[in-house]
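*Asks:* Got a predicted structure plus its sequence, pasted below:
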Amino acid sequence: MGHPLSLHGHLKIFTTIDEMRAASRALRGAGKRLGLVPTMGALHEGHLSLVGSARAQCDAVAASIFVNPTQFGPNEDLAKYPRPFERDREMLEREGVELVFAPSVEEMYPAGAVTWVTVEDLCSKLDGRSRPGHFRGVTTVVSKLFHVVEPDVAFFGQKDAAQVAVIRRMVRDLNFAVEIVVCPIVREADGLAMSSRNAYLDAKQRREALVLHRSLMRVEELARAGERDAAKLAAAGRAEFENAEAVRLDYFEIVDAETLDPVADVSDGALVAVAAYVGATRLIDNVVLAPYR
Ligand code: AMP
């Protein structure tokens, strides 16, 4: 059990809650502003951009690596989710992360745990509708990470736009003393949003996966050209999927970025969010339309 402690460099790895909390309290006690980057590992440039923002805005950076079982549905990819721990550790060390929290499932969820954090209503919108229980798992584990690490600031990616809305609401509703910073989506050169799950795609699927980004670009282009009707914009986005035979659209929605409720008109800005299965791999992407003036 557990991971070997790093014996070189400045990165320290903690597998227990008590040790992690002691280390972060020591840093904050020394007056340092501490940033937390929560991840499930299998790190890529998207994760590293969050680390970069954390380094720029904080005196010390903690990252967590935890494949959180409670946010996976029974037929999802928990067992096969990639766990390249040594590679992740090296990447974080190179990026100047001081603290890594990498607990076991047993450490995070003691036997008999029955307490959940649920953001009612919002948790069943967008991905929460397709993945029942997903956001309850996310908000519960993020609450626990906030209690363990006690960061001043936590960094999340716009890639998971619904997650951002849910976490912001949780922090507000439960008075967490954590500032939430959201970082832009990092993409591959051809537009595909970076994701740990892109590793599941074969060469053909990798090409077909571009339809997500293409559909969002189409909507953005029409909105820029003056189309304000969300139903027409969404129809144009969905139409891009008609020629993508190996891709099954889960949702394509135009919503308010805070409430995740559909909007009729995009004049005040909107979140355009898409989720689709490329083979068995579920991918998401989104673009934010700026308010029209
Ligand atoms: P995950 O490891 O998938 O749970 O992601 C950890 C954090 O990295 C979340 O806040 C994600 O939104 C963020 N993230 C994942 N992919 C990207 C990306 N392509 N661009 C920006 N942030 C990302």
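*Replies:* Perfect, I can see it now. Numbers count the residues shown, from 1 in each chain.
*Asks:* Provide the secondary structure category for Leu36.
*Replies:* Leu36 carries the three-state label strand when classified by DSSP: H, G, I helix; E, B strand; the rest coil.
*Asks:* which residues sit in contact with the residue nearest to it when sequence neighbours are not counted?
*Replies:* When the adjacent residues along the chain are set aside, Leu36 lies closest to Pro151, with 3.6 Å between them (Cβ to Cβ, 6 or more residues apart in numbering). Placement of C-beta: from N, CA and C, glycine included. By Cβ atoms under 8 Å, 6 or more residues apart in numbering, Pro151 lies in contact with 24, 34-36, 62, 178.
*Asks:* What is the nearest of the residues you listed to Asp121?
*Replies:* Checking those against Asp121 with Cβ to Cβ, the nearest one is Val178 at 21.9 Å.
*Asks:* distance of the residue most central in space within the chain from the ligand?
*Replies:* In the chain, the centroid-proximal residue (Cα atoms, centre = their mean) is Asp160; its distance is 4.4 Å. Here the criterion is Cβ to the nearest ligand atom, to the nearest Å. By it, Asp160 lies 4 Å from the ligand.
*Asks:* residues making contact with the helix or strand containing Arg129?
*Replies:* For Arg129, the host element (DSSP states H and E) is helix 127-130. For helix 127-130, contacts defined as Cβ under 8 Å, 6+ apart pick out 122, 134-135, 160, 162-163, 166, 250-251, 275, 282, 284.
*Asks:* Which SSE is immediately downstream of it?
*Replies:* Counting by DSSP H and E, the element after helix 127-130 in chain order, helix or strand, is helix 134-149.
*Asks:* can you list the residues that contact that next one?
*Replies:* For helix 134-149, the external contacting residues (Cβ under 8 Å, 6+ apart) are 17, 20-21, 24, 34, 36, 38, 62, 64, 66, 68-73, 99, 101, 108, 115-119, 122-124, 127-128, 154, 162-163, 166-167, 170, 174, 176, 178.
*Asks:* hey, where'd the helices end up in this protein?
*Replies:* Here the chain has its helices, by DSSP state H, at 17-29, 45-57, 85-94, 105-108, 127-130, 134-149, 161-173, 203-208, 210-224, 230-239.
*Asks:* Distance check, the residue lying closest to the residue nearest to the centre of the chain once chain neighbours are set aside against the ligand.
*Replies:* Once flanking residues are discounted, Asp160 sits nearest to Ile284: 7.1 Å by Cβ to Cβ, 6+ apart. As judged by Cβ to the nearest ligand atom, Ile284 and the ligand stand 9 Å apart.
*Asks:* so what's Ile284 scoring on pLDDT?
*Replies:* In this prediction, Ile284 carries a pLDDT score of 98.
*Asks:* Please state the offset of stretch 209-222 from the chain centre?
*Replies:* Relative to its parent chain, stretch 209-222 has a centroid offset of 20 Å by Cα atoms, centre = their mean, to the nearest Å.
*Asks:* ok, is that stretch in contact with the ligand or not?
*Replies:* No. Against the ligand, stretch 209-222 shows no contacts by Cβ under 6 Å from any ligand atom, the least distance being 11.3 Å.
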